[in-house]
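Asker: Structure for this input, please:
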Amino acid sequence: MVKKLNVILKDVKEHYFTLFQSNGLALKQGAEFAHSFNVKQIKCIEAKLTNVTQDIEALENKKSNHNSILKGILKQHINKRRRKKENRRKSNERKRRRTENNVQQVNGICVGNPLGNDLPQCLVYPPRTAVPEKCIEVVI
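Answerer: Sure thing, here's the model as predicted:
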């Protein structure tokens with residue numbers, strides 16, 4: 001748009017200077033209307049040109065602000081990989097806590113723990129050791 005306005009302004013100024021006599025001091029005969037029209041057009045085009053350049057500068061500032069605020073959006077795949085890795089770690093931690101809680105609950109349910117240190121191997125499916133009947137008794 002700026003280029004088009006500059007081309008139009010250049011054409012109007014060229015036409016404006018052709019309205020004067022060769023010495024450049026006086027208008028040619030019958031060129032008063034064209035002269036007044038060209039003066040108005042030059043002022044109007046220059047005003048539009050300044051408005052357009054100001055708008056372009058304002059948009060450039062907004063664009064830079066927008067880019068600085070949202071600069072991380074383009075790096076989503078990196079965030080997804082990191083998030084996936086964190087979720088995997090959290091999931092493994094949750095599984096470990098669940099098994100520990102289950103072992104503690106089973107220890108609390110068993111009246112007497114005849115297995116001692118072999119209790120976690122009883123909880124694995126299929127059990128590696130036979131579960132004694134004393135462990136099956138439930139305290140209410």
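Asker: what's the weakest-modelled helix or strand in the protein?
Answerer: When each helix and strand of the chain is scored by mean pLDDT, DSSP states H and E, helix 119-123 comes last, with a mean of 58.
Asker: Where does the prediction get shaky in this protein?
Answerer: Counting by pLDDT under 70, the chain contains low-confidence ranges at 69, 71-78, 106-140.
Asker: Show me which residues of the biggest helix by length in the chain are buried.
Answerer: When secondary structure is assigned using DSSP state H, the longest helix within the chain turns out to be helix 32-69. Residues 38, 41, 45, 49 are the ones in helix 32-69 that count as buried (16 or more other CB atoms under 10 Å). (C-beta placed from N, C-alpha, C; glycine too.)
Asker: how many neighbours does the spatially closest residue to the third one that is not a sequence neighbour have?
Answerer: Computed as CB to CB, 6 or more residues apart in numbering, the closest residue to residue 45 that is not its neighbour in sequence is residue 9, at 4.8 Å. A total of 17 residues lie near residue 9 under the criterion other CB atoms under 10 Å.
Asker: okay, how far is it across stretch 25-32, tip to tip?
Answerer: Stretch 25-32 stretches 14 Å from its first residue to its last (CA to CA, to the nearest Å).
Asker: Please apply the same query to stretch 65-84.
Answerer: 30 Å.
Asker: Show me what the helix or strand following the longest helix of the chain is packed up against.
Answerer: The element immediately downstream of helix 32-69 (helix or strand, assigned by DSSP states H and E) is helix 76-109. Based on contacts counted as 3 or more CB pairs under 8 Å, 6 or more residues apart in numbering; DSSP states H and E, the elements that helix 76-109 packs against are helix 119-123.
Asker: Report the contact partners of residue 97.
Answerer: The contact partners of residue 97, by CB atoms under 8 Å, 6 or more residues apart in numbering, come to none.
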